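>>> here's a sequence, model it:
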Amino acid sequence: MSSQKPAQRLLYVFAVLLFLNAGVFAQGTLQITTTTLPSGTVGQTYPQQTLTLSGGTGPYNWSVLSGSFPPGLTLSSSGIITGTPTSVDTFNFVVGVTDNSPTQQSASKPLAITINPVLTITPMALPLGVVGVFYSKSLEATGPSPVTWSVISKILPPGLQLSSSGTIFGTPAVPGTYDFTIQASGGSPVQTTTRDFQIVINPALTITTAALPDATLSGAYSVTLVATGGLAPYVWTNLSQRLPPGLTLSPSGVLSGNPTSLGTFTFTLQVADSFSPTQFATRNFTLSVATPLTITTVTLPNGFQNFAYNQQLQAVGTSPFGWTVSDGTLPEGLTLTPGGLLQGIPTKVGTSTFTITVTDARATATSRTYTLAIDPPLSSFSVKGFPATLSARASQDIALSLASPTPSALAGQLVLTFTSKAENPSDDPMTQFSNGTRTVSFTIPANGTDAVFPSKTTLLIGTVTGTVRLAANITNGPPDLFAGSTEVVATAPQITNVTATRTSGGIEVQITGFSPARRVTNVEFNFEVKTGKKTANVVLSRNVEADFDAWFRNTASTVYGAQFSFVQSFAVSQGDAASIQAVTVRLTNAQGSTSSAKIPLQ
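Residues are numbered from 1 along each chain as shown. The predicted structure is shown next:
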């Protein structure tokens, strides 16, 4: 050292100082520099986050020191947060880190992660609208807020629009059925979800009956006025009070009675619908009351060999009337009474042409010629592709046919009967045809086999197990001709919705669903309880057979078929009710068990 030059010694000292300063800098005070963490969404992968720091000497070791770390997420020793959160909340916790310096340093910092619920659009049936009437309906969603709404597929009814806050509003301009898809977006990180909706826009209320047929003095008169658009049912009123004497107008729109005065009468009728606000339409009508004798039976329905035939001939004029066969011959087995009843049992297949004359009290006579066909007995009916069994809430298109063609056109009704096989038997009003009733009209063309319905006909199955039987009633022909049957199968109770709500005293769980057998024997509640960092499950079971029997035996339940709504309250007398995070429900009957998804407490 003594032999070095001064400049060299100075350079050496500077290098040593620079090395020492670099070591001090590398081993500065250990500090956590991460200040915030992004939010996550329950059930979705959390965006990987690496905690940051300054100072100290690596490698470093990270850990959660205290607080509540989001269930489903983990913090690795290297400071990386990963995982899929399983609970909704804002979780506050303290993280710590230690370094690897000779004199080990440590640091800690409180942080928080918010786990948002999944954004869900609340299912709902949108109300009907009417052309020209202002429409407003707000959509709803659960999960983060605020939510931004938009239409992403197809279009709203012309005249309507969707606000970004979720209100469909406007004045519909074109009638029809409109299907469209709505999207909701919100939360951080941003979530999006969609749901399909439908709005039916009815035409504006209009009286479609353009004119009234003439009436005859003292003759029976009945005309049903027709309106379309708006929302049925309709209520009719007479505004002018100048109906022909003897006629009245019912609220359902039937103008009926026996006119007592001759003349031409003009009056104004109004129809109101059931929409809110109520819509009105009016029309002026003219009705003439005269006394010409007329046979009003224009044609005679076909008969069937060896099956009773009854057809009352009708006429207008001055009663009483006398009826006779004035020309030709009736089909073998039929007779005409003086009162105009054509009756008997036809014995031979064939077609007959004859003339019938009616005479009224004024000795005025008029005649009409008829052709009456007697067809052979009908072959069997069947519903094509009708399955032996159907499940609750299923649907089945109906195609009715004859085994062999008939020479004449047929008309009739397909009638549905339902026989319950539930343990608590009850009718199910929801088992019906798509026209909303258990009867649908049909026709079969001459020489045809396939029935024609007014519109597509579907069998809709409700929720009760039982037998559905279909039979045909032929107009002026044989009734109750078997066409097919199916069994609605019994299954385990079905859960349609579960909500779990915190109350001041504990928890309330509401279950909605249906049990085709109309019986539920047991309900099990599996609660997820969080204590510190640990999660445990507490299972509570209850026999509910008596509760459900009381409901299903109550006649008030008939209108709901096998549907139910069950509420169970729980009082939390010990411990912290807030530690209960979620519940899973399991329902049981003789057919089996069904469990719900895990339901977070609200």
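>>> any weak-confidence spans in the chain?
Along the chain, the model assigns pLDDT under 70 to residues 1-27, 362.
>>> okay, helices next: where are they in it?
6-26, 545-553 (DSSP state H).
>>> elements contacting the last one?
Contacts of helix 545-553 with other secondary structure elements, assessed using 3 or more Cβ pairs under 8 Å, 6 or more residues apart in numbering; DSSP states H and E, are made with strand 563-571. The C-beta positions use only the backbone N, C-alpha and C, and glycine is treated the same way.
>>> run the last query once more with 6 Å
If contacts are counted by 3 or more Cβ pairs under 6 Å, 6 or more residues apart in numbering; DSSP states H and E, helix 545-553 sits against no helix or strand.
>>> report the buried residues of that helix.
548-549, 551-552 (16 or more other Cβ atoms under 10 Å).
>>> output it in PDB with nothing but the alpha carbons.
The C-alpha coordinates for helix 545-553 follow below in PDB (Å, rounded to 0.1, in the frame of the first residue of the first chain):
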ATOM      1  CA  GLU A 545     -95.200 -33.700   5.200                       C
ATOM      2  CA  ALA A 546     -97.900 -32.200   7.300                       C
ATOM      3  CA  ASP A 547     -97.300 -28.700   6.100                       C
ATOM      4  CA  PHE A 548     -97.400 -29.700   2.400                       C
ATOM      5  CA  ASP A 549    -100.400 -32.000   3.000                       C
ATOM      6  CA  ALA A 550    -102.300 -29.100   4.500                       C
ATOM      7  CA  TRP A 551    -101.600 -27.000   1.400                       C
ATOM      8  CA  PHE A 552    -102.300 -29.600  -1.200                       C
ATOM      9  CA  ARG A 553    -105.500 -30.600   0.500                       C
END
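>>> so which of the buried residues of helix 545-553 comes closest to S76?
Closest approach between the buried residues of helix 545-553 and S76, by Cβ to Cβ: F548, at 50.5 Å.
>>> measure the closest one to N522 for me?
Distance of F548 to N522, computed by Cβ to Cβ, to the nearest Å: 10 Å.
>>> how many residues are close by the closest residue in space to L334 that isn't next to it in sequence?
Leaving aside its chain neighbours, L334 sits nearest to G344 (4.0 Å; criterion: Cβ to Cβ, 6 or more residues apart in numbering). Per other Cβ atoms under 10 Å, the neighbour tally for G344 reads 17.
>>> also G575?
Neighbours of G575 (other Cβ under 10 Å): 10.
>>> rewinding a little: format the buried residues of helix 545-553 as TSV; extra columns: distance to G448.
Formatted as TSV, the buried residues of helix 545-553 follow (distance: Cβ to Cβ, whole Å):
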residue	distance to G448
F548	49
D549	50
W551	48
F552	45
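>>> P259 contacts P244, correct?
Yes - under the criterion of Cβ atoms under 6 Å, P259 makes contact with P244 at 4.9 Å.
>>> could you tell me which residues touch both of those two?
V289 (Cβ atoms under 6 Å, 6 or more residues apart in numbering).
>>> ranges for the strands of the stretch 401-550 of the chain?
Remark: strands assigned in the stretch 401-550 of the chain by DSSP state E, counting those that start in this stretch are 410-420, 432-433, 439-444, 458-460, 466-474, 481-488, 494-502, 506-514, 522-531, 534-543.
>>> next: the stretch 151-300 of the chain.
With DSSP E, counting those that start in this stretch as the definition, the stretch 151-300 of the chain shows strands at residue ranges 160-162, 167-170, 176-186, 191-202, 206-207, 215-216, 221-224, 227-228, 235-238, 247-249, 254-257, 263-272, 280-290, 294-295.
>>> contacts for the second one next, please.
What it means is strand 167-170. 136-138, 159-162.
>>> adjacent strands (with direction) for it?
In the sheet, strand 167-170 lines up against strand 135-138 (antiparallel), strand 160-162 (antiparallel) (DSSP bridges).
>>> quick one, which of the ones you listed is packed in tightest?
Most buried of the strands paired with strand 167-170 by mean neighbour count (mean count of other Cβ atoms under 10 Å) is strand 160-162; its value is a mean of 18.
>>> who touches T351 in this structure?
T351 neighbours (Cβ under 6 Å, 6+ apart): A373.
>>> no wait, V235
251, 272.
>>> output the strands of the stretch 401-550 of the chain as a markdown table; include the columns mean neighbour count and distance to G219.
Shown next, in a markdown table, are these (neighbours: other Cβ atoms under 10 Å; distance: least, Cβ to Cβ, whole Å):
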| stretch | mean neighbour count | distance to G219 |
| --- | --- | --- |
| strand 410-420 | 19 | 26 |
| strand 432-433 | 20 | 36 |
| strand 439-444 | 18 | 28 |
| strand 458-460 | 18 | 42 |
| strand 466-474 | 20 | 30 |
| strand 481-488 | 19 | 36 |
| strand 494-502 | 16 | 56 |
| strand 506-514 | 19 | 53 |
| strand 522-531 | 17 | 66 |
| strand 534-543 | 11 | 68 |
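>>> widest-spaced pair of the contacts of strand 167-170?
Across the contacts of strand 167-170 (Cβ to Cβ), the longest gap, 17.7 Å, separates S138 and G159.
>>> what's the neighbour count on the spatially closest residue to L126 that is not a sequence neighbour?
Nearest non-adjacent residue to L126, counting by Cβ to Cβ, 6+ apart: I199, 4.8 Å away. Using other Cβ under 10 Å, I199 has 21 neighbouring residues.
>>> if I look at I199, how far off is T181?
Where T181 is concerned, I199 sits at a distance of 13 Å (Cβ to Cβ).
>>> and T512, by the same measure?
26 Å.
>>> my guess is Q305 meets V349, correct?
Yes - look at Q305 against V349 with Cβ under 6 Å: they come within range, at 5.2 Å.
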